[in-house]
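>>> just to be clear, the model below is a prediction. Sequence and coordinates:
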Amino acid sequence: MIPRVRARQARLPTLSGRSGVSIYVSENRVFPLVATDIDPEDKTTLALTAEEVRARLADALAAKREQHRWPVLLNGLLHAVIATALFIAVVWALRRLGRALRGSLARRRDIRSSRECTARCCRPM
């Protein structure tokens, strides 16, 4: 069932007794909108603001419904599995590269130290 979002002119129960617009989803009042909610610099009316709020709320509810559809959920799951597999592959490759570099550096160190040792030990007197 798709909830219907609507705006209805109403006398709102406020301390000052102002009139305003109530925003409804199906038959449930979600929130009121009064003239003081509008930025005075916007140069818009309460009715235009209420219509914009109604349209945005309807879009948000439609997007929420869309996110709970099986194809969308499965698509997100597939993307998460692919991203996880790529992450694991990159970490594995970096670890192998690190091991290979450590081994290579250790071999170079050993070769250099043996050359220096040979050069020191075999010096003519």
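That came through fine.

>>> any weak-confidence spans in the protein?
By pLDDT under 70, the weakly predicted segments of the chain are 1-18, 117, 119-125.

>>> quick one, strands of it?
Read by DSSP state E, the chain holds these strands, from start to end of the chain: 5-11, 19-25, 28-33.

>>> mind listing the helices for the chain?
46-67, 70-121 (DSSP state H).

>>> can you say which of these is packed in most?
Each of the helices of the chain was scored by mean neighbour count; the highest is helix 46-67, a mean of 14, by mean count of other CB atoms under 10 Å. (Each C-beta comes from the backbone N, C-alpha and C, glycine too.)

>>> and that one, what does it pack against?
strand 5-11, strand 19-25, strand 28-33 (3 or more CB pairs under 8 Å, 6 or more residues apart in numbering; DSSP states H and E).

>>> sheet partners, orientation included, of the second one?
To tie it back to what came earlier, the one meant is strand 19-25. Strand 19-25 sits in its sheet next to strand 5-11 (antiparallel), strand 28-33 (antiparallel), going by DSSP bridges.

>>> okay, which residue is most central for the chain?
The residue lying closest to the centre of the chain (CA atoms, centre = their mean) is Gly76, at 12.8 Å.

>>> how close does that one get to Arg69?
In this view, Gly76 and Arg69 are 11 Å apart by CB to CB, to the nearest Å.

>>> ok, now Arg56?
When CB to CB is applied, the distance between Arg56 and Arg69 equals 21 Å.

>>> you'd agree Ala50 is up against Val21?
Yes: between Ala50 and Val21 there is a contact under CB atoms under 8 Å: 4.1 Å.
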